[in-house]
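*Asks:* Predicted model and sequence follow; I will ask about them next.
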Amino acid sequence: MEVPVRDDGDFDAIQWYNLSLVGKLKDFNQLCCLQKSINNVGVKIVRMTYLGGLNVLLTFKKEADAIEFEKDRLSWARWFSAIELWTWQLLAYCHTPNFN
């Protein structure tokens, strides 16, 4: 699976601040349909960005939407083992599984 890499400069980083959550997937195989699956339960994600390993950045339209999703563990626990508001924190490197 190819993951597009964008380089829009600092503007995107400013847009992501307080609008995004960093989630650690339970299963890498969920990545292909994650945004659709989350949107199907009524949560509208503006953009999903694969960060490597099991890490995914979910960007919402409003800060309140991000905070509400983060607090509702029942909503996100089926896909993620952990999720938190993205505040410029560094993420630990995690090797992506190799499919042979």
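*Replies:* Now that the structure is in, tell me what you want to look at.
*Asks:* for the protein, which spans come out with low pLDDT?
*Replies:* 1-18, 88-100 (pLDDT under 70).
*Asks:* which stretches of it form helices?
*Replies:* 10-16, 34-40, 63-71, 73-76 (DSSP state H).
*Asks:* a markdown table for the ones you listed, including mean neighbour count and distance to Gly23?
*Replies:* Every residue, glycine included, has its C-beta placed from N, CA and C. What follows is the helices of the chain, written out as a markdown table (neighbours: other CB atoms under 10 Å; distance: least, CB to CB, whole Å):
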| stretch | mean neighbour count | distance to Gly23 |
| --- | --- | --- |
| helix 10-16 | 12 | 14 |
| helix 34-40 | 14 | 9 |
| helix 63-71 | 16 | 9 |
| helix 73-76 | 13 | 7 |
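*Asks:* Out of these, which is closest to Val56?
*Replies:* For those, the distance to Val56 is smallest for helix 34-40, at 6.7 Å, taking CB to CB.
*Asks:* Is there a neighbour count for Tyr50? I'd like the number.
*Replies:* By other CB atoms under 10 Å, 17 other residues sit near Tyr50.
*Asks:* So for Gly52, which of the helices of the chain sits nearest?
*Replies:* Across the helices of the chain, closest to Gly52 is helix 34-40 (CB to CB), at 14.7 Å.
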